[in-house]
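Q: Build me a structure from this.
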Amino acid sequence: MDLIGKFFKEDTASKDMAVERLRLVLVHDRANISPGLMEALKEELIEVISKYMDIDENAMEVTFNSGDSSTALVANIPIKRIRR
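A: Okay, the predicted model is just below:
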């Protein structure tokens, strides 16, 4: 039974990775930013914010919203605990 559970668990992880890659491609298309630059931005955000608080990196979302004359960086970063 454990073997079957591991098989499906890995499939879920693979699905999540595919969804994340697709999301990065969509962000690139909307904001005209390369997926590599977007990933580097996300990694640096994680590095800086992690100095001050524990965050849920897997649930973190970084997107760009384009308006009429501007583009906004929107980060949804679930906080687990603030370091004191």
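Q: okay, CA-based contacts and neighbour counts for the rest of this
A: Noted.
Q: Look at Ile79 and say how many residues are nearby.
A: If you count neighbours by other C-alpha atoms under 10 Å, Ile79 ends up with 15.
Q: pretty sure it is touching Ser50, no?
A: No: look at Ile79 against Ser50 with C-alpha atoms under 8 Å: they stay out of range, at 9.7 Å.
Q: Output the host helix or strand of Ile46 in CSV, but only the C-alpha positions, please.
A: Using DSSP states H and E, Ile46 sits within helix 35-50. The C-alpha trace of helix 35-50 is given here as CSV (Å, rounded to 0.1, in the frame of the first residue of the first chain):
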residue,chain,number,x,y,z
PRO,A,35,10.6,33.0,-16.7
GLY,A,36,14.2,33.0,-15.5
LEU,A,37,14.0,36.5,-14.3
MET,A,38,10.7,35.8,-12.6
GLU,A,39,12.1,32.8,-10.8
ALA,A,40,15.2,34.8,-9.7
LEU,A,41,12.9,37.5,-8.4
LYS,A,42,10.9,34.9,-6.4
GLU,A,43,14.0,33.3,-5.0
GLU,A,44,15.4,36.6,-3.9
LEU,A,45,12.1,37.6,-2.2
ILE,A,46,12.2,34.3,-0.3
GLU,A,47,15.8,34.9,0.7
VAL,A,48,15.1,38.4,2.1
ILE,A,49,11.8,37.7,3.7
SER,A,50,13.0,34.5,5.3
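Q: Understood, closing this out.
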